[in-house]
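>>> No sequence on hand, only this structure:
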């Protein structure tokens, strides 16, 4: 029976989204609302790009839209360029808001909302567990462990006699490994330990996998 070892649960990460409309009046309204929300907002002491640049781009877009409505030659192309500029500045601003929200994950959603942007929350990833399962290759088992962080390495051992004797497997820099050449139908036990800058961890509880004969 496998004994799961769960990794620490991560913190929700909220994503900033613009969901920009297509029409110029709607884009202008959205951009102006974001400028108003971020002006004098303590979460954003120095927005990048500066809000005055976005305000100027909005004004330029409004003027270009008015010219385009007269059907003057070349006015529509200029209007489209100004619309692209506003969109680009908003995307850069979204990136700045995202970095600010990421620096305070617990309040990330509130920070994004305070900028007048839409909040999209990513679902929690299921915790990674220590597991071992046969692969499609006859006599091969894949072993996966919870990650121990950046720059960690992993030591592995296995036993084919119920844990009486343990054999060493090659250490890895990834939190997974494979063992082949096993006898199909037998049970094999595995354990691992992580090695980080803090030192060598304790050996995990052992888990068992039944070796498959493949397909």
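Received the coordinates, thanks. Here the structure is a predicted model, which is why all the values come from computation and not from measurement.

>>> Determine the longest strand present in the chain.
strand 187-196 (DSSP state E).

>>> Show me what it packs onto, helices and strands only.
Secondary-structure packing of strand 187-196 (3 or more Cβ pairs under 8 Å, 6 or more residues apart in numbering; DSSP states H and E): strand 141-144, strand 153-159, strand 207-210. (Each C-beta comes from the backbone N, C-alpha and C, glycine too.)

>>> now those strands as TSV including mean neighbour count, distance to residue 131 and mean pLDDT?
Formatted as TSV, those follow (neighbours: other Cβ atoms under 10 Å; distance: least, Cβ to Cβ, whole Å; pLDDT from 0 to 100):
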stretch	mean neighbour count	distance to residue 131	mean pLDDT
strand 141-144	19	5	96
strand 153-159	19	13	97
strand 207-210	18	7	95
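
>>> closest to residue 99 out of those strands?
Shortest separation from residue 99 across the helices and strands packed on strand 187-196 is recorded for strand 153-159, at 30.7 Å, computed as Cβ to Cβ.

>>> if we can go back for a sec, list the buried residues of the longest strand of the chain.
Neighbour-count burial for strand 187-196, counted by 16 or more other Cβ atoms under 10 Å, picks out 188, 189, 190, 191, 192, 193, 194.

>>> got it, and stretch 91-99?
Result for stretch 91-99 [16+ other Cβ under 10 Å]: buried residues 93, 94, 96, 97, 98.

>>> Report the distance from that stretch to the chain centre.
Centroid separation for stretch 91-99 versus its chain: 16 Å, with Cα atoms, centre = their mean, to the nearest Å.
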